[in-house]
Every structure is written in structure tokens, then in C-alpha cells.
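Engineer: Model the structure of this input:
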Amino acid sequence: MMPIGLSSWVAVFVFVLTIADHFLGVAAVGYVPMALLVLFVLLEVRRAPMAEIIAACALGMGGLAAAVAGGDPGPAVVTAIHRTQPFFLLFAAIAWLRVPANASPSLREAQELALGQPAGRRFPVLLTVAHALGSVLNLAGISLLAGVLQGAASENLRYRFTRALTQGFTAASCWTPFFVAMSVGLSVVPGLAWSDVAPLGFAAALMLTALSWIMDRVFYRQPDGAAAQPDPAAPARRFRWRMAAVPVSLFVIVIGLIEVWAMPIPVALGLVAPAYAAVWTVSLTAGRASPAMVVADLARRVVSGLPGLRGEILLFLAANLFGAGIAAALPAELVGRAIETAQLSPDSLIVLVLAAILLLSLAGIHPLVPVVVIGEILPPSLLGLPPALFCATLVTMWGLGAVVSPFSGTTLFMRRVGGLSAWRVSWFCNGPYGVAGTALLAVVVLMTRHLMIL
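Structural biologist: Numbers count the residues shown, from 1 in each chain. As a prediction, the model looks like this:
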């Protein structure tokens, strides 16, 4: 039996009360999960990796100093904590889905389908499957495909498979509500719904997926001989519709709550994920254990693992404080006057924004930081972009930033499962793709702006 400590119970109350706060809307109730979230961070900060503690301290102190310079630090601190709650909710909701995902036979079939493709088809199939599974199951999706790295017949194949998994997975951040990128984008560009941004983001994801495949075909594919071929004695793998049953049904339920009942993405996931995971797990163990025992074991495993979110929550809290502090010190009106004084055109600003997010990500700064800061201080009107296109551009750059950042969750996960250094995964494997994707995005956004397509 896994122990459930104090911080696990605190995390549970943050989860439940954040959802309750959305429906009740009572200020007194809303401050309770905020206080508990701070308590959770204080209880767990000593267990976080030192690099994340240092980064969080730098961001937090910088944001607090900026808020003090703005003259009223209190609202900035409250805003930062309040904005971190939905991210905690989203991370915790995804944690419920990881347990049944790792045990699902149908998802294992999807893995075997991808791995059983002949040379020439493996890269695009891995790219597509990583995108499809990741778009609904987040990191639990590509964890199902990680075995391909261990079975790679050559070093070149291992690097290519790493690119397929990371680039297919991060492209999903352009449009899916199951990634925190979309929640961040909608929070910093208010007044938009997921359906306003998702079509543009999906088009960007298709563009980046095509770019990834073309770059692999032109620059990285090498003849690897017979060792690269699947075992001819192995049975042929075909697509079965049950492979898509879980991702599609889960996606439809969540989108229904988001679009029909106008729920925020994290709240919808927080409501659906535990119940869906319970039904899914019971169906996987039908006849072998009582449903009550299965659900109790699932809940214990998930709740006892919630303190593992410490690193993400610490960084998100610090980044939100940094963004709120900068916004307090540099209001949009002041930024607008500075841009006018510098005589920067909207086109120049767009290129600078995209380049800044990419370069900061390459330097190891999580894309959350520049996306939050830019969204806070730079209104879409200053760039000459409609709000939906501006938001889609930010979340697309989040995906490109995550794939080239040595400290993003995607890179660190691939480091663990692939045995490559984080710098090699981010810079060597994905750096050229990140630069090419940013340049392509800049061209598309500028063309869209000048042709007035939107």
C-alpha cells in the first residue's frame, strides 16, 4: 500500500476546492485553495530539483521586485497564485489518466502498429501516433512509444525516432486542450474560447508535422540495411478502431463540457479525468478484482503521486509571478509608447517576439516565461493581429520552444527514456527543426496579416 502524506492530502483539497470555486464563485471559498496551493509548494519545495529551485527563485524574486517597482505588489502575488491553480488542476487531471493508459491493450496495439512499420513509413507513422496519443494523454501518450528508442538498430535511427516522438508530441500543443499551453494562451489573451484558437492551432500543427517529415526525409534519413526492417516473421499489424476508442471518446466528452457548458479547460478535465480513469481501469480488470478495490487502488496510486508535481507547480507559480510583476511595472500603455518611440513596425515586432521565445527556450528558459510575459504586456493590436491569431501564434511557439528547451518536461522525459543528454535532445536533435519551424511560422503569420485572411 502506498503511503499518503500530508502534501498529498493538501493536493487533493486544492484539486477539489479549485473545481468547487469555479461553480460557487464565492471569494471566501476561492482563497482557501490558493492558500493550500502555497502550503503545498512550501511542503514540497525542498524535494524539488536544485535547478528548478534556482530558476523559480530567480523568476519569483524578479517578479516580486518588478511588482514592488509598479507600486502595488499585493495584487500581483494574488494574481500569480490564482493563475497557477488551473495549471495544478490540469496536471493532476492528466495524472489520473496515466495509470490506465500504461495498462491499456488497445494503446499497446497502437504502439506495436507504429513500431512494426517498414523503413520509410516508420518515421511518419511514429510522428502521427505520438501526436494523436499525446494530444489526449499528454506525456502518458509518448511514454507508450518510448520502447522504440531501446530497440533502434543504429544510432541514426535512435536520433530519428527521438525527433519523431518529440516533434510529433509538441506539435499537439498548438491545438489540444489537454496541454497546458492552450490554457496559458487563453489566460493571457482573454475573451477567447478554445474553438476560436483550435482551428488555427491545428493548421499550425499540420504545418509543423509536414516540416518534420520533410526535414527527416531530406537531411536525416540514411539507408540502415536489413537491420532497419521489421521481423518478417512477425504478424502484420493493422489499424483497429478500438485503438482510437479511448482518445476519441475522452476528447469528445471534454470538448463537450468546454464548448457546450463553457467550462474552462482545466475544470472540464478535472471533472472528467478521475471518473473516466476509474471506468477505464475497471474495464481493464473486469472479472479479476472487485470494482471498489480497483478504484480504491487507482485513487491511492494517483493521490500518493501528486507530490511529484512539485517541480512543475513551483516553476509555474514563479513564472506567473514574474509575468504579473512585469505587467504591473510595464503596463500595456507604457509598452505601446515605447514601441512607438522606437518606431518598430508590427512586422518587426512579430519577428522579434518569435525570435525571443525561441532564443530564450534554446538558452534553457521554459517557454512559459516569455509566453506569459509577452501575453501580459503586448496586446495583439500592437502587432496588428486578431486576438485568435495572436493566441495561436503563442501556443505554437510554446510547442517549438518546448522541443528545443533542455529543461522542458518533454526533453527531460526523453532524456530519461532515451539515454541521451538533455542538451543533445534539445539542440542536436530538435534545434534545426525549431529554427526552421519558427521561420516558417513567421512567414505564415506575416502573410496572413498582410493578406487580411483573418
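
Engineer: per-residue confidence for the nearest residue to Phe15 once chain neighbours are set aside?
Structural biologist: Residue nearest to Phe15 in three dimensions, not counting chain neighbours: Ala92, with 5.1 Å by CB to CB, 6 or more residues apart in numbering. Just so you know, the C-beta spots here come from the backbone N, C-alpha and C atoms, and that holds for glycine as well. pLDDT, the model's per-residue confidence, is 91 for Ala92.

Engineer: quick one: Ala92 and Pro307 touch, right?
Structural biologist: No - look at Ala92 against Pro307 with CB atoms under 8 Å: they stay out of range, at 11.0 Å.

Engineer: So between these two, which is more surrounded?
Structural biologist: Neighbour totals were compared for Ala92 and Pro307, and Ala92 leads with 25 against 19 (other CB atoms under 10 Å).

Engineer: Assign a three-state SS to the more buried one, would you?
Structural biologist: Assigned by DSSP: H, G, I helix; E, B strand; the rest coil, the conformation of Ala92 is helix.

Engineer: Repeat that for Ala286.
Structural biologist: Following three-state DSSP, the label given to Ala286 is coil.

Engineer: Pull the number of nearby residues for it.
Structural biologist: Residues within reach of Ala286, counting by other CB under 10 Å, total 9.

Engineer: How about the residue most central in space within the chain: what's its closest non-neighbour residue?
Structural biologist: Centrality entry for the chain: nearest residue to the mean C-alpha point is Phe179, 3.9 Å, by CA atoms, centre = their mean. Counting by CB to CB, 6+ apart, the nearest residue to Phe179 once its immediate chain neighbours are dropped is Ser173, at 4.4 Å.

Engineer: is it true that that neighbour touches Val184?
Structural biologist: No - applying CB under 8 Å, one finds Ser173 not in contact with Val184, separated by 9.9 Å.

Engineer: Which one's more surrounded, those two?
Structural biologist: In this comparison of Ser173 against Val184, neighbours counted by other CB under 10 Å, the higher total goes to Ser173 at 32 against 28.

Engineer: Do me a favour and get the backbone dihedrals for Ile365.
Structural biologist: In this entry, Ile365 is assigned phi and psi values of phi -90, psi 130 (degrees, to the nearest 10).

Engineer: tell me the contacts of it?
Structural biologist: Going by CB atoms under 8 Å, 6 or more residues apart in numbering, Ile365 touches 55, 405, 407.

Engineer: And it, how far from Arg83?
Structural biologist: When distances are taken as CB to CB, to the nearest Å, Ile365 and Arg83 turn out to be 18 Å apart.

Engineer: what's the pLDDT at the closest residue to Val295 other than its chain neighbours?
Structural biologist: With CB to CB, 6+ apart as the measure, Ala278 is the residue that lies nearest to Val295, at 4.8 Å, once sequence neighbours are left out. According to the prediction, Ala278 has pLDDT 93.

Engineer: can you give me the helices in the stretch 201-350 of the chain?
Structural biologist: Ranges of helices within the stretch 201-350 of the chain are 245-259, 265-284, 291-305, 310-329, 332-342, 346-362, based on DSSP state H, counting those that start in this stretch.

Engineer: that older thread, ok, the residue nearest to Val295 - contacts?
Structural biologist: For Ala278, the contact set (CB under 8 Å, 6+ apart) comprises 294-295, 298-299.

Engineer: Pro105: neighbouring residues, count only.
Structural biologist: Here the number of neighbours of Pro105 (other CB under 10 Å) works out to 9.

Engineer: Also Ser304?
Structural biologist: 16.

Engineer: Can you give me the distance of it to Asn138?
Structural biologist: To Asn138, Ser304 is 20 Å away according to CB to CB.

Engineer: now stretch 40-59: how far from the chain's centre is it?
Structural biologist: Here stretch 40-59 shows a centroid-to-chain-centroid distance of 20 Å under the convention CA atoms, centre = their mean, to the nearest Å.

Engineer: ok, for Gly141, nearest residue in space, not its chain neighbours?
Structural biologist: In space, Gly141 comes closest to Leu133 once its chain neighbours are excluded; the distance is 3.1 Å by CB to CB, 6+ apart.

Engineer: what about the one you found, distance to Phe407?
Structural biologist: For Leu133, the distance to Phe407 under the criterion CB to CB works out to 24 Å.

Engineer: picking up where we left off before, between Ser173 and Val184, which contacts overlap?
Structural biologist: With contacts defined as CB under 8 Å, 6+ apart, the residues shared by Ser173 and Val184 are 395, 398.

Engineer: sec struct for Ala110, please.
Structural biologist: Reduced to three states with three-state DSSP, the structure at Ala110 is helix.

Engineer: Please read the previous query as pertaining to Gly63.
Structural biologist: Using three-state DSSP, the three-state assignment for Gly63 comes out as helix.

Engineer: and if you look at the one 5 residues further on?
Structural biologist: Per three-state DSSP, the local secondary structure of Val68 is helix.

Engineer: number of nearby residues for it?
Structural biologist: Using other CB under 10 Å, Val68 is surrounded by 14 other residues.

Engineer: contacting residues for Val99?
Structural biologist: Under the criterion of CB under 8 Å, 6+ apart, the contact partners of Val99 comprise 277, 281, 298, 301-302.

Engineer: Okay, Arg122 and Ile313: tell me how far apart.
Structural biologist: Counting by CB to CB, the separation of Arg122 from Ile313 is 37 Å.

Engineer: Which one's more surrounded, the two?
Structural biologist: Here Arg122 and Ile313 are compared on neighbour count by other CB under 10 Å; more neighbours surround Ile313, at 26 against 21.

Engineer: Skipping adjacent residues, who's closest to the more buried one in space?
Structural biologist: Counting by CB to CB, 6+ apart, Ile313 lies nearest to Phe88, which is 5.6 Å off, once chain neighbours are set aside.

Engineer: pretty sure Ile258 is in contact with Ile265, am I right?
Structural biologist: Yes - between Ile258 and Ile265 there is a contact at 6.0 Å, judged by CB under 8 Å.

Engineer: in the stretch 101-250 of the chain, what spans have low per-residue confidence?
Structural biologist: Screening the stretch 101-250 of the chain residue by residue with the criterion pLDDT under 70, one finds the ranges 115, 119, 150-152, 223-244.

Engineer: if you set the cut-off to 50 instead, what comes out?
Structural biologist: For the stretch 101-250 of the chain, residues meeting the criterion pLDDT under 50 lie at 225-229, 231-236.
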